[in-house]
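> I'll drop the sequence and a predicted model, then ask my questions.
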Amino acid sequence: MQTEVNPLARLRWRCRRGTRELDVLLCWYLDQRHGEAIGDEQQAFARVLDAEDPDVWDWCMGRASAPDANMQSVIDAIRARHCL
């Protein structure tokens, strides 16, 4: 018998990346902001998690912009909290 995975646990697993730095940034957002985010922002976070690590890192470091405004809003929240 297969058990259903909690959606939050699934997101937490998706926050695990190739670098510890990205893990910290993405898990912070999940823990501190995701629960109060409205649907569009939650969907944007899921799209951020779909992106490749080098792209997410460049967005977080301000070297590039996310491909849409909602994703950029998630990145901006991460950058503002972590003074990046």
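Perfect, I can see it now.
> number of nearby residues for residue 69?
Residue 69: 11 surrounding residues under other C-beta atoms under 10 Å. (C-beta placed from N, C-alpha, C; glycine too.)
> Please identify the buried residues of the helix or strand where residue 77 lies?
Using DSSP states H and E, residue 77 sits within helix 69-82. Buried positions in helix 69-82, judged by neighbour count with 16 or more other C-beta atoms under 10 Å: 70, 71, 72, 73, 74, 75, 76, 77, 78, 79.
> Identify the residues contacting the first one.
The contact partners of residue 70, by C-beta atoms under 8 Å, 6 or more residues apart in numbering, come to 40, 41, 43, 44, 47.
> try 10 Å
40, 41, 42, 43, 44, 45, 47, 48 (C-beta atoms under 10 Å, 6 or more residues apart in numbering).
> quick one: secondary structure of the last one?
Okay, so that is residue 48. Following DSSP: H, G, I helix; E, B strand; the rest coil, residue 48 is assigned to helix.
> Which residue ranges of the chain form helices?
For the chain, the helices defined by DSSP state H cover 7-15, 20-32, 39-50, 53-61, 69-82.
> How far away from the center of its chain is the last one?
So that's helix 69-82. On the basis of C-alpha atoms, centre = their mean, to the nearest Å, helix 69-82 sits 9 Å off its chain's mean C-alpha point.
> and residue 13, how far is that from residue 7?
Here the criterion is C-beta to C-beta, to the nearest Å. By it, residue 13 lies 11 Å from residue 7.
> which residues are contacting the helix-or-strand element of the chain with minimal mean pLDDT?
Sorting the helices and strands of the chain by mean pLDDT, DSSP states H and E puts helix 7-15 at the bottom, at a mean of 93. Residues from elsewhere that reach helix 7-15, judged by C-beta under 10 Å, 6+ apart: 4-6, 22-31, 34-35, 42, 45-46, 48-50.
> What about residue 13, how many residues nearby?
Residues within reach of residue 13, counting by other C-beta under 10 Å, total 10.
> Contact partners for the nearest residue to residue 18 once chain neighbours are set aside?
In this structure, residue 18 finds its nearest non-sequential neighbour in residue 53, 4.8 Å apart by C-beta to C-beta, 6 or more residues apart in numbering. By C-beta under 10 Å, 6+ apart, residue 53 lies in contact with 17, 18, 19, 22.
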